[in-house]
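Engineer: The following block contains a protein sequence and its predicted model.
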Amino acid sequence: MDIQKPNPKSVSDVIRSIKESINNGLGIVPLIGAGMSAASGIPAGLDYQAYLFYCLARVFGTDGNGKPMEPWNPGTLRWPDYSDVPIYQNIRESMRQWSEIFVKNIKRDTGDNSKGETIDYAIWQAIGAVADWRAMLNLLSRLKYEDGTVSIKHSDTRVIDSFFVNLMRGKQPNTAYLLLAHLDDILRIKVILTTNFDNLIELSFQQISKPIAVFDVHMDASLPDADFVRAQRSIVKMHGGRYGLRADFSLDKYPTTDDVEKFVSYLSMYKKDGMYVVNNQRNLLVMGVSGNERRTVALICRAMVILKELEVYWLCYREDQVKIVHDAFMQTLSVLQTAENIEHMNMLIGDRIKICVASNLSLFMLELYQNIFLSLPPGGVPFHAVWAIPPKPDPLILNINNDKIKELMDVITSANKNILLNGESRVSSIASAVFYELSSIFHCVWIDLTENFDIYDFAFSIIDSLAYEAGISGLVPVYIHRHNRENKQKQMEQLKVLLGNLARYSTRRFVVFINGRDFPGPIESVDYKRWEKEGCLLDVLMVLEQLSLPDIKYIFLNRDKNLEYASFQSYQIQLGDETWKDENRLKNYQAIVRTLGLFPKNKTRRILLRQ
């Protein structure tokens, strides 16, 4: 029997559903993954894998990019600096090339390899381990570099524990975590589930003096009993805390019946006295969790079969992850339908899985907070007045100009220069689409010149946005004296040094999109005259040239056909009339343009433009 797929929703739909749950007396159980900690500078996904690959390569005296390095011994428990990791253009390709080099140079004789005493055997193990971060981490716990030789010994669990402690050092809760702590009471949060090892949840609650108990689920342990967890506000760390972590392939195992019952207890507070009694049910809000986490998806599916009214709100980082989550649910539910002979599975699940794309969890939590309290967050919660992201592009433009989007992505990833992006129309929409596509492999930032009242404020915006993207909060850049020409160059050099430190902090390159297609300066600002001079856009490009670094690429969206700059590579976007193949859409657009022509440049016109 076919099972109905989860129906993708908008962010507004999910927030509306959460508010309805609260109004109906239900609570929320957050399930938090690594994606929520990424904004605090803790690596996730490919960044995680890149760092471990670098550490593994260092044991054998390279950086993974072909550069010789001093060999590193994991047994010292002193992990390489995260900022020393090189930028891998394609981490999987770098792993493949690194493995091929060792395969060509390795000695093929077996010797004592079966005993694990030679470097050849260690190399073969390393080549096999690069496919999975858990295999790399466990191999590092067994490797020892001594007297110029790499050997494999018994596993040292201290290496695994020290790895996670090293990554967490100095990290602070981001806006999403702090808002979660402030929303705790109104969302009736009693239990927070997490697959993370960090302590960002605890720190966010400590900052507002809310006590919270922590239950670490160590390796080979089962989930804690619901009666202990519900006795107070609690965090259940399903993959362990900073010590005794579940950093092995047990994460892929199907959950036991005991774990399923305890997981359901966190959501419903049911008691088993010969039968299940549902009491004080809470719906599940999943943030920063990958659809590839089989055990987590299996727990949720089993809970939805037992709890007939449970709703799941799953936030994805990217559009393509929606399908991954869909497929994970479909596969797991199909197994359940066959194994447990459950009929009408589609009716049981129905529309209770609500999936949406929320690429910035801090923005999602801010919108949720404002929808519930109708006010800004309280003091102590950092949030940007202007967020460094573009508006979502028009789906029609995406579908019709898909080739242009892919072409621009190739240009950005391959170009050695900054890019001057020219075009008559729809350049911003195409650049916005490229921004969201590249966000999975680069740190992408979007800056509108209309939000900066002068050239120095623009330079500060770059520093502030890149620091936020790298997970660094509270950064205060040097102040540029606008009327002191003698110090301007020195201070700009200081900004460049600061940018260099930010770039070294991350294993990803930065791509900064500057939207200069509208005249610079805030529309309503009394100070806009600072931009009103000949060559102001050339000043912007000059600043970008001064702040250029190998790991930061600037994409300047330009409307001026005559604008050129030597350090920028020009790229022209040419679009034909094929965008308007939909004749009705073209007629509606033309009618709107004619209507707008009736209004002066005032508030009414701006409202119509936004609509």
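Structural biologist: On my side now, so go ahead. Numbering: from 1, shown residues only.
Engineer: Cross-check the contact I'm expecting between residue 304 and residue 310.
Structural biologist: Yes: the pair residue 304 and residue 310 qualifies as a contact (C-beta atoms under 8 Å) at a distance of 5.3 Å. Placement of C-beta: from N, CA and C, glycine included.
Engineer: Need the overlap of contacts for these two.
Structural biologist: Between them, residue 304 and residue 310 have residue 352 as joint contacts when contacts are counted by C-beta atoms under 8 Å, 6 or more residues apart in numbering.
Engineer: Could you list the single helix or strand in the protein with the lowest mean pLDDT?
Structural biologist: Across the helices and strands of the chain, the lowest-confidence element by mean pLDDT, DSSP states H and E is helix 603-610, at a mean of 47.
Engineer: what stretches of the stretch 251-400 of the chain score poorly on pLDDT?
Structural biologist: Judged by pLDDT under 70, the stretch 251-400 of the chain has its weakly predicted residues at 251-252, 269-279, 339-350, 384-386, 396-397, 400.
Engineer: which residues of it fall in helices?
Structural biologist: Counting by DSSP state H, counting those that start in this stretch, residue ranges of the helices within the stretch 251-400 of the chain are 257-268, 294-306, 319-339, 345-349, 361-373, 395-400.
Engineer: Give me the neighbour count for the closest residue to residue 254 other than its chain neighbours.
Structural biologist: Once flanking residues are discounted, residue 254 sits nearest to residue 298: 5.6 Å by C-beta to C-beta, 6 or more residues apart in numbering. Counted with other C-beta atoms under 10 Å, residues neighbouring residue 298 total 22.
Engineer: what's downstream of whichever helix or strand residue 15 is part of, the next helix or strand?
Structural biologist: Counting by DSSP states H and E, the secondary-structure element that holds residue 15 is helix 11-23. For helix 11-23, the succeeding helix or strand toward the C-terminus, using DSSP H and E, is strand 27-32.
Engineer: and the direction of that next one versus that of helix 361-373, what angle?
Structural biologist: With axes from the mean of the first three to the mean of the last three C-alpha atoms, to 10 degrees applied, the angle from strand 27-32 to helix 361-373 works out at 170 degrees.
Engineer: which residues are in contact with strand 27-32?
Structural biologist: 18, 21-22, 180, 187-196, 201, 266-267, 280-289, 296, 300.
Engineer: Next SSE downstream of it?
Structural biologist: Next along the chain after strand 27-32, with elements defined by DSSP H and E, is helix 34-37.
Engineer: Can you turn the buried part of the contacts of strand 27-32 into a ChimeraX selection?
Structural biologist: For anyone working in ChimeraX, the buried entries among those, judged by 16 or more other C-beta atoms under 10 Å, can be selected with:
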select :18,21,180,187,188,189,190,191,192,193,194,195,196,201,266,267,281,282,283,284,285,286,287,288,289,296,300
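Engineer: quick one: the helices in the stretch 401-550 of the chain?
Structural biologist: 402-414, 427-438, 455-469, 485-504, 536-546.
Engineer: Would you tell me which of those helices gets closest to residue 362?
Structural biologist: helix 455-469 (9.0 Å; C-beta to C-beta).
Engineer: now the angle from the closest one to helix 485-504?
Structural biologist: Using the same axes, to 10 degrees, helix 455-469 lies at 20 degrees relative to helix 485-504.
Engineer: Run the angle between helix 455-469 and helix 536-546 for me.
Structural biologist: Using the same axes, to 10 degrees: helix 455-469 against helix 536-546 is 50 degrees.
Engineer: Average pLDDT for helix 455-469, rounded please.
Structural biologist: Averaging pLDDT along helix 455-469 yields 82.
Engineer: Just name whatever secondary elements it is in contact with.
Structural biologist: If contacts are counted by 3 or more C-beta pairs under 8 Å, 6 or more residues apart in numbering; DSSP states H and E, helix 455-469 sits against strand 443-448, helix 485-504, strand 510-515, helix 536-546.
Engineer: Could you rerun that using 10 Å?
Structural biologist: strand 443-448, helix 485-504, strand 510-515, helix 536-546, strand 552-558 (3 or more C-beta pairs under 10 Å, 6 or more residues apart in numbering; DSSP states H and E).
Engineer: Only alpha carbons, please: show stretch 182-189 as CSV.
Structural biologist: Backbone C-alpha positions of stretch 182-189 (Å, rounded to 0.1, in the frame of the first residue of the first chain) are rendered in CSV as follows:
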residue,chain,number,x,y,z
HIS,A,182,13.3,32.3,26.6
LEU,A,183,10.5,30.4,24.9
ASP,A,184,10.7,27.5,27.4
ASP,A,185,7.7,28.4,29.5
ILE,A,186,5.3,29.4,26.8
LEU,A,187,6.1,26.3,24.7
ARG,A,188,5.6,24.1,27.8
ILE,A,189,9.0,22.5,27.3
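Engineer: what's next to it, contact-wise?
Structural biologist: Contacting residues not belonging to stretch 182-189 are listed as 18-19, 21-22, 25-30, 180-181, 190, 192, 204-205, 207-208, 210, 212, 233-234, 280, 282-283, 285, 365, 368-369, 372-373, 377-378, 380-381 [C-beta atoms under 10 Å, 6 or more residues apart in numbering].
Engineer: If we use 8 Å, what do you get?
Structural biologist: The contact list for stretch 182-189 (C-beta under 8 Å, 6+ apart) reads 18, 22, 26-30, 180, 205, 208, 210, 233, 282, 365, 368-369, 372-373, 377-378, 381.
Engineer: Can you select the buried ones among the residues you listed for me in ChimeraX?
Structural biologist: Isolation of the buried members of the contacts of stretch 182-189 (16+ other C-beta under 10 Å) is achieved in ChimeraX through the command below:
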select :18,26,27,28,29,30,180,205,233,282,365,368,369,377,381
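Engineer: Neighbours of residue 302, how many?
Structural biologist: As a burial measure, the neighbour count of residue 302 was computed by other C-beta under 10 Å and equals 22.
Engineer: so it sits right up against residue 260, yeah?
Structural biologist: Yes: in this structure residue 302 lies within contact range of residue 260 using C-beta under 8 Å: 4.7 Å.
Engineer: related to what we said a few turns ago, relative to residue 240, which of the helices of the stretch 401-550 of the chain is closest?
Structural biologist: helix 455-469 (28.6 Å).
Engineer: buried ones in that closest one?
Structural biologist: The neighbour-count check on helix 455-469 (16+ other C-beta under 10 Å) flags 455-469 as buried.
Engineer: Check these and tell me the two furthest apart.
Structural biologist: Across these, the longest distance by C-beta to C-beta is 21.7 Å; it joins 455 and 469.
Engineer: Helix, strand or coil: sort out residue 122 for me.
Structural biologist: Classification of residue 122 using DSSP: H, G, I helix; E, B strand; the rest coil returns helix.
Engineer: Backbone dihedrals for the closest residue to it other than its chain neighbours, please?
Structural biologist: In space, not counting the residues next to it along the chain, residue 122 is nearest to residue 150; the distance is 4.6 Å by C-beta to C-beta, 6+ apart. Dihedral angles phi and psi of residue 150 (degrees, to the nearest 10) take the values phi -100, psi 130.
Engineer: what about residue 150, distance to residue 58?
Structural biologist: Remark: distance between residue 150 and residue 58 (C-beta to C-beta, to the nearest Å) = 11 Å.
Engineer: could I get stretch 308-326 in PDB with only the CA atoms?
Structural biologist: Written as PDB, here are the backbone C-alpha positions of stretch 308-326 (Å, rounded to 0.1, in the frame of the first residue of the first chain):
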ATOM      1  CA  LYS A 308      -2.200   8.800  16.800                       C
ATOM      2  CA  GLU A 309      -2.300  12.600  17.200                       C
ATOM      3  CA  LEU A 310       1.400  13.400  17.400                       C
ATOM      4  CA  GLU A 311       2.600  16.100  15.000                       C
ATOM      5  CA  VAL A 312       6.200  16.500  13.900                       C
ATOM      6  CA  TYR A 313       7.600  19.900  12.700                       C
ATOM      7  CA  TRP A 314      10.900  19.200  10.800                       C
ATOM      8  CA  LEU A 315      13.100  22.200   9.800                       C
ATOM      9  CA  CYS A 316      15.500  21.500   6.900                       C
ATOM     10  CA  TYR A 317      18.500  23.600   6.000                       C
ATOM     11  CA  ARG A 318      18.100  23.300   2.200                       C
ATOM     12  CA  GLU A 319      15.500  22.500  -0.400                       C
ATOM     13  CA  ASP A 320      17.200  19.300  -1.400                       C
ATOM     14  CA  GLN A 321      17.100  18.000   2.200                       C
ATOM     15  CA  VAL A 322      13.300  18.000   2.100                       C
ATOM     16  CA  LYS A 323      13.400  15.000  -0.300                       C
ATOM     17  CA  ILE A 324      16.000  13.300   1.900                       C
ATOM     18  CA  VAL A 325      13.700  13.600   5.000                       C
ATOM     19  CA  HIS A 326      10.800  12.500   2.800                       C
END
